[in-house]
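# Fold the stuff below for me.
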Amino acid sequence: MQELAIKIHDVEFSYGAHNVLSGVNLEVAPGSFLGIIGPNAAGKSTLLKTIDATLKPTKGVVYFKGEDLTRVSRRDLARQMAVVPQETEVSFPFSVMEVVMMGRHPHLGRFEQESEYDYEIARSAMEKANCWHLKDRSILELSGGERQRVILARALAQEPSIILLDEPVAHLDLSAQLEVLTLLQEMNRKHGITVIAILHDLNLAAQFSEQLIMLHQGKIFAAGLPEKVLTAENIRMVYQTEVLVIRHPITGAPQIVVLPSTDERKADPAALHIHLICGGGVGGGLMGHLSRQGYKVTVGVVNIHDTDWEVARALGLRIVEEKPFSFISQEKYEENLQLAMNADVVFLLDTPFGRGNLPNLQVLEPLLASGKPCYLVDPEHLTERDYTGGEVSRLVRQLQEKGLLLLPDQLGVLRTVQNLRKVKSGDKAALS
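Numbers count the residues shown, from 1 in each chain. Model (predicted):
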């Protein structure tokens, strides 16, 4: 049986009378990438400090490679475990090489000088962290992303089997965040280093972590694969926030989309009724924005589990839905037609078209015949979205002759809605 890198058994920790951790049990396999998530004051940093022996649990035991952590000397621990704290500011103008060489101190005797071997280890660490070219620069001259790479190189110079990180990408821009986390992922996958990192951004945590634990009020609320932990229900319970959880189209990792609060989504019964015809994920942002503005929004026809279906469902909108991966049936076509007839305006968004969803375009003909204002978004790129051999383009030209109006983009939808709202409220100037 493989020895665990870290095992936490029934750990509690208190600052005086304030209980910060309670009944924490956790097993971390060697070579894994574990993300720790949770709201502020959930106990994340305290948990990390019990793992690196900075704090001694009030109750329970932390095991490092099968040994009670309290029995491991600080020097022996530093030879195997590296820690990257939340704050990595260095106030003295050390060179990058000097900073990285600090990682060799646990391997040196009290008065021992660094050897050529130590410099080779430092160079290897800097090459892995992509900062060898910075070796002669002052640490004070570096950008946030560069400095974080140097701190990671220092950690690697310790030759650890495990690295602990407390929000390693806090205060970094998006590019630097991705660079640092990709580097950690490479260390983990190529060199088998166990990574335990507190991550604030749930989407980045989902993308880079193999396993997640979600802390809430000092306890592990959920643990396991990202898709098991990052559910809308878990996030609602722990973060008090309504979200939509979708799959990243490339990585397949769960991605979190924050939704407006329930109070923001209360619709005015007399508000403009907007019917959106969409699919393929093109309508989600517009649905959320219009809902926040108090409009009555309906959607159709979308297939069950389509991204637009997920968003509309999460927003509590009325949807005309078709079975997954199915052509739009006559029944759903007619249901969509009726719902659109009841709307004040209909927008066909910039969705791709094939034979399966062609009825979403054909429905505009009877709507236009009834005098319903209908708009098509982004006609300029219609041919790129037409997978019917040109039938969609021909039909759009016919519908234009019957009154179909064109909008360049979704911003045009918002402008049109604003004008229609003014007209409905009696602002005649909006007509000019």
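
# Sort out which residues of stretch 403-416 are buried, please.
Within stretch 403-416, the residues scored as buried using 16 or more other C-beta atoms under 10 Å are 404, 407, 410, 412-413, 416. In this view, the C-beta of every residue, glycine as well, is placed from N, C-alpha and C.

# Spell out the secondary structure type for R189.
Under the three-state scheme (DSSP: H, G, I helix; E, B strand; the rest coil), the conformation of R189 reads as helix.

# the strands in the stretch 101-250 of the chain, which residues?
In the stretch 101-250 of the chain, strands defined by DSSP state E, counting those that start in this stretch lie at 162-166, 194-198, 211-216, 219-224, 243-247, listed in chain order.

# now for the lowest-mean-pLDDT helix or strand in the chain, which elements pack on it?
Considering only helices and strands, the least confidently modelled element of the chain by mean pLDDT, DSSP states H and E is strand 243-247, at a mean of 78. Counting by 3 or more C-beta pairs under 8 Å, 6 or more residues apart in numbering; DSSP states H and E, the packing neighbours recorded for strand 243-247 are helix 232-239, strand 254-258, helix 307-315.

# list the helices and strands the last one packs on?
It refers to helix 307-315. Counting contacts by 3+ C-beta pairs under 8 Å, 6+ apart, helix 307-315 is packed against strand 243-247, helix 284-292, strand 296-303, strand 318-322.

# Could you do the second one as well?
Counting contacts by 3+ C-beta pairs under 8 Å, 6+ apart, strand 254-258 packs against helix 202-208, strand 243-247.

# ok, and which of these has the densest surroundings?
With neighbours defined by mean count of other C-beta atoms under 10 Å, none of the helices and strands packed on strand 254-258 is more surrounded on average than helix 202-208, at a mean of 22.

# now what about it, what contacts it?
Contacts to helix 202-208, defined as C-beta atoms under 8 Å, 6 or more residues apart in numbering, come from residues 33, 35, 37, 169, 177, 181-182, 184-185, 199, 212, 226, 230, 235, 248, 251, 253-256.

# Including distance to I328, could the helices and strands packed on strand 254-258 go into JSON lines?
Written out in JSON lines, the entries for the helices and strands packed on strand 254-258 read as follows (distance: least, C-beta to C-beta, whole Å):
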{"stretch": "helix 202-208", "distance to I328": "32"}
{"stretch": "strand 243-247", "distance to I328": "22"}
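
# Pull the most distant pair out of the buried residues of stretch 403-416.
Farthest apart among the buried residues of stretch 403-416 by C-beta to C-beta are L404 and Q410. That separation is 16.9 Å.

# Which parts of the stretch 301-432 of the chain are helices?
Listed in chain order, the helices of the stretch 301-432 of the chain (DSSP state H, counting those that start in this stretch) span residues 307-315, 330-341, 359-362, 364-369, 382-385, 391-401, 410-424.

# what residue ranges in this structure are flagged as low confidence?
When the per-residue scores of the chain are filtered using pLDDT under 70, the ranges that remain are 1-2, 88, 260-270, 427-432.

# what residues are up against S161?
Listed by C-beta under 8 Å, 6+ apart, the contact set of S161 reads 5, 30, 65, 80-81, 192-194.

# picking up where we left off before, now render the helices of the stretch 301-432 of the chain as a markdown table, adding distance to D118.
As requested, the helices of the stretch 301-432 of the chain are arranged in a markdown table below (distance: least, C-beta to C-beta, whole Å):
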| stretch | distance to D118 |
| --- | --- |
| helix 307-315 | 53 |
| helix 330-341 | 70 |
| helix 359-362 | 67 |
| helix 364-369 | 73 |
| helix 382-385 | 58 |
| helix 391-401 | 67 |
| helix 410-424 | 58 |
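
# Alright, calling it a day.
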